[in-house]
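Novice: Sequence and predicted structure, then a few things I'm wondering about:
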Amino acid sequence: MRKTFCGLIIGCWLLSSSWAGAQQVRPATAGPVLHKVEAGDTLGTLSRLYGVSPEKLREANQWQHVDECESFWIPASPAHWVVHTVAEGESLALISQGYNIPLQQLRDANGLLSDPLKVGSTLYLPRAAKPAWNAPARRTLQASRGARPVAIVPQAKAPATAPASAPRVSPILSEKPSGKWVQVTSLDGRKGWIQQSELVFTQPQASHPSSTERARERSMTLAYGQKLNPDQKSAIRKISEHLASHQLYVEPDHIAVFMALETGGTFDPAIRPKNHPNHAVGLAQFTQVAINELNKKRSPDDKLDMDRLAGMSFEEQSEIVAEYLRMTLLAKKMAGKVVASEDLYSAIFCPVAVGEELDFVVYSKARDQGRYTRNSSLDTDKNGEITKKEMTARLLNWLREGESLRG
């Protein structure tokens, strides 16, 4: 079977709450990590290793099977990940070696753009259970940030200051410098001197795009991006940024997808249902009920109505979308969580379903006859009930189309 690189559709960073176990301060942020698929990996084994449900794993990887992928995205799961407190002399590379966790996973899990660590700070270990610590026999140093790593055996005694004959190391150690002493910078930012004879050089590796580079390239594009102009793309990303400032973590791709679904792929802020033009309007198909909720916190001279919404530009109405999503998701206690695509769409379609399981009954024929009748086409098993899973099933097709139009 031909393997592909699975795309990330989750996004994001996560603020966590305090750990209820030991009195240990948990890190402020957590991010998704990339797992290199190996023989024997399944949704079950990855779920147990990382503390993430199989359903969340499937969603994060566009519902692809593990054996179809070379790499598999693992959503951030700070509530289930263990924590390490940085001790004196520890670097990120040392912790990576000690716990046998890939260095890039530690960087991504903790949102680190550089490797220096502060003693006493805490790090997420992206594992459901704390791995056994195997103290590395050798430490990894580099001549300067961005240089190829250099493995050394620690010296019993090194000069406190630079010896007069000590050479300066070039930014990239392409060959052994001359002289007895070499100045190095550790991954945690400390400078020191070692004897040249103790330097061990690694073999150059073939240049190829890393998983992080590929993820970065993906983050610069957007689902349905081929149908959106730069200002519209910027407006969608601003919605995500606004929500993140309130600890609501929403993938920009998901925002673009629900807008496509709600507008029939037109992204027209003035669009209304053909058969019921007074029922809803715009990028999120705002109903009168939604407008009334928004108006509760607006001044008398700033009230919204359908005509005012229809007259807005895409960028202007995107600000209203952000306002509505913030209000709805906070009311449903989603702060500090990654908002799944099903919950994001529920916030627009039926807020009562936000945060509920997929078997939650949104509308039933017996209880909500009017609403059930208007949405009866969603009742795929024709049992008189529309579940959250049935309500959000059409998202999958729009997600796939959005991915095909990524740009």
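Specialist: Yep, that arrived.
Novice: Average pLDDT for the helix or strand containing Tyr124, rounded please.
Specialist: Taking DSSP states H and E as the criterion, Tyr124 maps to strand 122-125. Per-residue pLDDT over strand 122-125 has a mean of 91.
Novice: Next: stretch 393-404.
Specialist: Averaged across stretch 393-404, pLDDT comes to 86.
Novice: Now do stretch 306-318: distance to the chain's middle.
Specialist: 29 Å (Cα atoms, centre = their mean, to the nearest Å).
Novice: Give the buried residues for that stretch.
Specialist: Met306, Leu309, Ala310, Met312, Phe314, Gln317, Ser318 (16 or more other Cβ atoms under 10 Å). Every residue, glycine included, has its C-beta placed from N, CA and C.
Novice: The second one is in contact with Phe286, isn't it?
Specialist: By that I understand Leu309. Yes - Leu309 lies in contact with Phe286 (Cβ atoms under 8 Å); the separation is 5.9 Å.
Novice: can you list residues touching both of those two?
Specialist: Ile320 (Cβ atoms under 8 Å, 6 or more residues apart in numbering).
Novice: give me the low-pLDDT residue ranges for the stretch 101-250 of the chain?
Specialist: Confidence mapping of the stretch 101-250 of the chain against pLDDT under 70 gives the ranges 113-115, 135-192, 194-219.
Novice: Skipping its backbone neighbours, what lies nearest Asp253 in space?
Specialist: Once flanking residues are discounted, Asp253 sits nearest to Ala223: 4.1 Å by Cβ to Cβ, 6 or more residues apart in numbering.
Novice: oh sorry, the question was meant for Thr287
Specialist: Ala280 (4.9 Å).
Novice: And Ala331, how close does it get to Ala347?
Specialist: Ala331 is 9 Å from Ala347, where distance means Cβ to Cβ, to the nearest Å.
Novice: So for those two, which residue has more residues nearby?
Specialist: Ala347 (26 against 12; other Cβ atoms under 10 Å).
Novice: which ones are touching that one?
Specialist: Applying Cβ under 8 Å, 6+ apart, the residues contacting Ala347 are Tyr324, Leu325, Thr328, Leu329, Lys332, Val339, Val354.
Novice: try Pro273
Specialist: Pro273 sits next to His279, Ala280, Gln285 when contact means Cβ under 8 Å, 6+ apart.
Novice: so what's Ser371 up against?
Specialist: Wrong residue type there; residue 371 is Arg, not Ser. Tyr363.
Novice: now swap in Asn134 and tell me
Specialist: The neighbourhood of Asn134, defined by Cβ under 8 Å, 6+ apart, consists of Gln97, Gly98, Tyr99, Asn100.
Novice: Just the buried ones among those, please.
Specialist: Of the contacts of Asn134, these count as buried by 16+ other Cβ under 10 Å: Gln97, Gly98, Tyr99.
Novice: which non-adjacent residue is nearest the last one?
Specialist: Meaning Tyr99. Using Cβ to Cβ, 6+ apart, the nearest residue to Tyr99 is Pro131, at 4.5 Å.
Novice: pLDDT on stretch 333-352, on average?
Specialist: Taken as a whole, stretch 333-352 has an average pLDDT of 90.
Novice: Next, the distance between the ends of that stretch.
Specialist: Length of stretch 333-352, first residue to last, Cα to Cα, to the nearest Å: 12 Å.
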